[in-house]
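J.: predicted coordinates and the sequence they were generated for:
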Amino acid sequence: MNSLTRVAGAIAAGICVFALGVSAAAAATRVAVFDFELFDTSGEAGLNGPKPEEAHRLALISDAMRRKLSEMGYQVLDLAPEKAQIEEQTPFRNCNSCELRIARRLGADIEVIGLVQKVSNLILNINFQLRDVADGKVLRAGSVDIRNNTDESWMRGVSYLMRNRLFDPPLTGKATP
């Protein structure tokens, strides 16, 4: 085989690999992952929302969920185009599934919403729900109790949910091959 044939073969193989990658990316399930919210029933709630350290933890676990879904082959959508609507409608626990309309406008196939209930500074509960945007059907849901109001305990809780409720068993028909 001469060098010209090898180069042509390599180019053809590269085009095939690129085309497969483009088709897989085009087929990726689009996910709107909304920020986790805090529902403070501890009696410690501030008037202006979560305490700064709890706001940090909400962002931490929301970003962890987005990162993991992205690593698993999902296309995590940017929520910025609907920022005003999100701010107007939150907390989602009180809006009768209004986040589904927002997720549809973003072009999502599925959505993830999450809630952290603070029972006390020691006892918290992390919940999530993954729904089909087209029909609102719940595809997955999970809840875990954690002890300690620290970055580490919140991350362990959301990690448990991702491993044991979100991806086990694997979602069928929703992830890229």
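T.: Structure's in. What do you need?

J.: just the C-alphas of the one helix or strand residue 160 maps to, formatted as PDB.
T.: For residue 160, the host element (DSSP states H and E) is helix 151-161. Output of helix 151-161 as PDB, limited to C-alpha atoms (Å, rounded to 0.1, in the frame of the first residue of the first chain):
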ATOM      1  CA  ASP A 151     -20.300  20.900  52.000                       C
ATOM      2  CA  GLU A 152     -19.100  17.300  52.500                       C
ATOM      3  CA  SER A 153     -22.400  15.900  53.800                       C
ATOM      4  CA  TRP A 154     -24.400  17.700  51.000                       C
ATOM      5  CA  MET A 155     -22.000  16.300  48.300                       C
ATOM      6  CA  ARG A 156     -22.200  12.800  49.800                       C
ATOM      7  CA  GLY A 157     -26.000  13.000  49.700                       C
ATOM      8  CA  VAL A 158     -26.300  14.100  46.100                       C
ATOM      9  CA  SER A 159     -23.600  11.600  45.100                       C
ATOM     10  CA  TYR A 160     -25.600   8.800  46.700                       C
ATOM     11  CA  LEU A 161     -28.700  10.000  44.800                       C
END
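
J.: same question for it: list its buried residues.
T.: For helix 151-161, the buried set under the neighbour-count rule, 16 or more other Cβ atoms under 10 Å, comprises 153-154, 156-158, 161. Placement of C-beta: from N, CA and C, glycine included.

J.: helices or strands up against that helix?
T.: Counting contacts by 3 or more Cβ pairs under 8 Å, 6 or more residues apart in numbering; DSSP states H and E, helix 151-161 packs against helix 52-71, strand 123-132, strand 138-147.
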